[in-house]
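[1] Attaching a predicted model along with its sequence, questions to come.
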Amino acid sequence: MSANRSSRNGHSGDGLGSQQSGALSRGGLEKHSHEKISNGDGKIDHSHDPDPETMELYARARAQEREIQTLREQIAAAYVNEMKLLSEKYALEKKFADIRLAIDEKQNEATAYASSELARRKGDLEQNLKLAHELKETEDERYMFVSSMLGLLSSYDIWPPVFNATAISTYIKRLHDQLRWKLRTSEDKISEAENAGGINIGNASDVKDNNWSGMPTRQVPQKSMGISGQDTYKDGNALELTNNLSKYMHYKPTSLAMSQQLGTDTYAGEFEFDTHRSSESSDRKLMEAILSRTPNNDDSVASSASQGGPGIDGFQIVGEATPGNQLLGCGYPVRGTSLCMFQWVRHLPDGTTQYIEGATNPEYIVTADDVDKLIAVECIPMDEQGRQGDIVRLFANDQNKIKCDPEMQMEIDTYLSSGQAMFKIVIMLLDSSENWQSATLFLGRSAYEIKTIETGAILIAEKFSNQSSIKVPSGLSTQFVLTCSDGSTYPINTYDVRRRDTLVVTMRMFQSKSLEDKRKARA
């Protein structure tokens, strides 16, 4: 019973109890084994065999020893695995630390790159502003140079077919060669006459004058080029280049006999401006008339203002200044005014002025581009001698910003309040005037899209951005050009001027609000 109790303690306790019970069992078994051997003959005495209980204890002890050995081997293997896992853990921690360090370095590099990129872009913007300023100065210098060269050529009745650098330089060189040849010829004739002794100094002067007949002996005044000293605007902006001068000119034919019959420089009726653009040949003749009217003596170079030069009395703008309506600049010509140069100007909210492209007629159709801006017409009166009077400038709408009429404004406000709008349009997809396709333009708070009516296919779908824009042509047109953010352009037709202006103003309002919301979200 004590042996059984010891065996149970070995299983329930630690390894020490098992070892003790095993030792006792082995001792008892060895004792019984010695007793079984005979006194010398080596035969086993079966009369002294151990009892079954002892054998059972011995077997249990052997099994426990094997179990202990197995557990020891498992403990050793687990220890080895633990060491291996610890090594892997340390290696992973080291790799993680290296990765964190690399991430920090990359973030620092990205921050430094972003800072350098911002600095570079700022430098590019400053460089662009500087180049734009230099370009403006260069354009002004070019204008003065071209004007002076054209004035010089016109004083010698030389008219380049085109006003570019090549033509002007070629004709200047020809003029230089001709003058040099005439000078040499005159000097040779004077020398021959003096050597012959047949003429005196006075005659020599006559010969010199005869050889220089028809050639001016002084610099041509600026007014001979069709440019008055008072042509500059109050804001410092000058007229466009001389090569664009012809498109601003409109004829008012004047009969000399009628002027003599009336006995005055003032016409009885109101000045009727030509409403049609003159042909190229007419513009050519007008340029020649302006540039060829060069005074022959200094007494006739007095300013037109001091002599009561060309002018317009009662200049006014007739018409309602709302999108889709026509304005007309008109007045009474005085002091021999025979033609006028017109230019409609748009005054932007930032204080700058913008010449309206193509708006060089007395009539002007107000478009969506003029909404919330000031527009004015500038007129330069001229007489048959090419003299220019003071520039006449008059603002439309009593110098108030152009607004939509109440009906159009109410429709636009309805679209803005609902946050959506839909317009039926016709869009040209290819560079062909015959490939027009009916479509629907959908406007939303942040995006717009154009779908075809026949198939419902989406032609354009994008969000509003600074790159998307709308260009409205001047004149009585129902079309406009849509420029997407990727730079692609699409001519669009609405077949109605008011509908076109309503669409353009609405789309620009949606775009402005969308961009403003984006700026607020970023802030």
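    Done, it's in. Numbers count the residues shown, from 1 in each chain.

[2] Spell out the residue ranges of the helices in the chain.
    Here the chain has its helices, by DSSP state H, at 2-12, 15-36, 52-155, 165-196, 201-211, 256-262, 280-292, 406-418, 497-522.

[3] pLDDT below threshold where in the stretch 151-300 of the chain?
    Within the stretch 151-300 of the chain, the stretches falling below the threshold (pLDDT under 70) are 162-163, 197-300.

[4] mind redoing it with 50?
    Where the stretch 151-300 of the chain drops to pLDDT under 50, the residues are 199-300.

[5] tell me which residues in stretch 336-344 are buried?
    336-344 (16 or more other CB atoms under 10 Å). Bear in mind the C-beta positions are built from the backbone N, C-alpha and C, glycine included.

[6] Could you do stretch 451-471 as well?
    Buried-residue list, stretch 451-471, by 16+ other CB under 10 Å: 451, 460, 464, 468, 470.

[7] Is it correct that the fourth one is in contact with residue 486?
    No - in this structure residue 468 lies outside contact range of residue 486 using CB atoms under 8 Å: 9.3 Å.

[8] Spell out which residues make up each domain of this structure.
    2-133, 238-280+307-403, 406-522 (automatic domain parsing).

[9] which one of the ones you listed has the lowest average pLDDT?
    For the domains of the chain, mean pLDDT drops lowest on domain 238-280+307-403, to a mean of 70.

[10] circling back to that earlier point, right, and the helices of the chain - which one's nearest residue 436?
    Nearest to residue 436 among those is helix 497-522 (15.0 Å), distances taken as CB to CB.

[11] okay, now residue 380: neighbour count?
    24 (other CB atoms under 10 Å).

[12] Begin at 50 from now on, thanks
    With the count now opening at 50, the last piece we talked about shows up as residue 429.

[13] Would you check that it makes contact with residue 440?
    Yes - applying CB under 8 Å as the test, residue 429 and residue 440 come out as touching, 5.3 Å apart.

[14] circling back: tell me which of the buried residues of stretch 500-520 fall in strands.
    Counted as lying in strands by DSSP state E, out of these, are 500, 509, 519.

[15] Next, the contact list for the second one, please.
    Contacts were defined as CB atoms under 8 Å, 6 or more residues apart in numbering; by that measure residue 509 touches 497-499, 531, 533, 539.

[16] about what we covered before: got TSV for the buried residues of stretch 385-393, with distance to residue 452 too?
    Below are the buried residues of stretch 385-393 laid out as TSV (distance: CB to CB, whole Å):
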residue	distance to residue 452
385	40
386	34
387	37
388	34
389	29
390	29
391	24
392	23
393	18
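
[17] Can you flag which of those belong to strands?
    Short answer: the buried residues of stretch 385-393 in strands (DSSP E) are 386-393.

[18] From the ones in strands among the buried residues of stretch 500-520, pick the one nearest residue 466.
    residue 519 (21.9 Å).

[19] mind checking how far that closest one is from residue 417?
    Separation of residue 519 from residue 417 (CB to CB, to the nearest Å): 8 Å.

[20] intersection of neighbour lists for these two?
    Common neighbours of residue 519 and residue 417 (CB under 8 Å, 6+ apart) are 553, 557.

[21] close enough to count as contact, residue 418 and residue 526?
    No - using CB under 8 Å, residue 418 is not in contact with residue 526, being 11.9 Å away.

[22] residues touching the closest residue to residue 498 other than its chain neighbours, list them.
    With CB to CB, 6 or more residues apart in numbering as the criterion, residue 498 has its nearest non-adjacent residue at 3.9 Å, and that residue is residue 510. Residue 510 is in contact with 496-499, counting by CB under 8 Å, 6+ apart.

[23] Show me which of those is closest to residue 424.
    residue 497 (27.8 Å).

[24] Grab the nearest non-local neighbour of the closest one.
    residue 491 (6.3 Å).

[25] Relative to residue 242, how far out is the closest residue to residue 544 other than its chain neighbours?
    Of all residues not flanking residue 544 in the chain, residue 527 sits nearest, at 5.3 Å (CB to CB, 6+ apart). In this view, residue 527 and residue 242 are 74 Å apart by CB to CB.

[26] buried sites along stretch 540-557?
    So, applying 16+ other CB under 10 Å, buried residues of stretch 540-557: 540-541, 543, 546-557.

[27] Looking at the residues you listed, which is nearest residue 381?
    residue 546 (30.9 Å).

[28] And for the closest residue to that closest one other than its chain neighbours, the neighbour number?
    Leaving aside its sequence neighbours, residue 546 sits nearest to residue 373 (CB to CB, 6+ apart; 4.5 Å). Residues lying near residue 373 (other CB under 10 Å) number 20.

[29] Got phi/psi on residue 373?
    phi 90, psi -10 (degrees, to the nearest 10).

[30] Residue 365 pairs with what?
    residue 379 (DSSP bridges).

[31] Near it, how many residues? Count them for me, please.
    For residue 365, using other CB under 10 Å, the count is 10.

[32] Could you double-check that it sits in contact with residue 443?
    Yes - between residue 365 and residue 443 there is a contact at 7.0 Å, judged by CB under 8 Å.

[33] Quick check: neighbours shared by the two?
    By the contact definition CB under 8 Å, 6+ apart, residue 365 and residue 443 are jointly contacted by residue 378.

[34] Among residue 418 and residue 526, which residue is more densely surrounded?
    Neighbours were counted for residue 418 and for residue 526 using other CB under 10 Å; residue 418 has more, 23 against 13.

[35] which non-adjacent residue is nearest that one?
    Nearest residue to residue 418, sequence neighbours excluded (CB to CB, 6+ apart): residue 521, at 5.1 Å.

[36] residue contacts, the one you found?
    Counting by CB under 8 Å, 6+ apart, the residues that residue 521 touches are 416-418, 529, 549-550, 553.

[37] Then residue 485?
    Taking CB under 8 Å, 6+ apart as the definition, contacts of residue 485 comprise 475-477, 542.

[38] redo that, cut-off 7 Å
    The contact partners of residue 485, by CB atoms under 7 Å, 6 or more residues apart in numbering, come to 475, 477, 542.

[39] do residue 471 as well
    489, 491.

[40] Can you name the residues bridging to it?
    If you apply DSSP bridges, the partners that residue 471 bridges to are residue 491.

[41] Relative to residue 223, how far out is it?
    The value you get for residue 471 to residue 223, if CB to CB is used, is 64 Å.

[42] swap in residue 134?
    98 Å.

[43] Neighbour count for these two, which is higher?
    Taking other CB under 10 Å, residue 134 and residue 223 do not tie; residue 223 has more neighbours (13 against 10).

[44] measure stretch 536-556 end to end?
    Using CA to CA, to the nearest Å, one end of stretch 536-556 lies 18 Å from the other.

[45] quick one on the thing from earlier: between the contacts of residue 485, which sits nearest residue 401?
    Checking these one by one against residue 401 (CB to CB), the nearest turns out to be residue 542, at 30.9 Å.

[46] and the gap between that closest one and residue 486?
    Distance from residue 542 to residue 486, by CB to CB: 11 Å.

[47] And for residue 191?
    Residue 191 sits 44 Å away from residue 486, taking CB to CB as the criterion.

[48] Compare these two (neighbour count), which wins?
    More neighbours surround residue 486 than the other of residue 191 and residue 486, with 17 against 12 (other CB under 10 Å).

[49] Does the more buried one touch residue 476 like I think?
    Yes - the pair residue 486 and residue 476 qualifies as a contact (CB atoms under 7 Å) at a distance of 5.7 Å.

[50] number of nearby residues for residue 562?
    15.

[51] what residues are up against it?
    residue 494.

[52] Quick check: the residue nearest to residue 438 when sequence neighbours are not counted vs residue 466, distance?
    Leaving aside its sequence neighbours, residue 438 sits nearest to residue 359 (CB to CB, 6+ apart; 3.7 Å). In this view, residue 359 and residue 466 are 53 Å apart by CB to CB.

[53] Give me the more crowded residue out of those two.
    When neighbours are counted by other CB under 10 Å, residue 359 and residue 466 differ, and residue 359 comes out ahead with 27 against 7.
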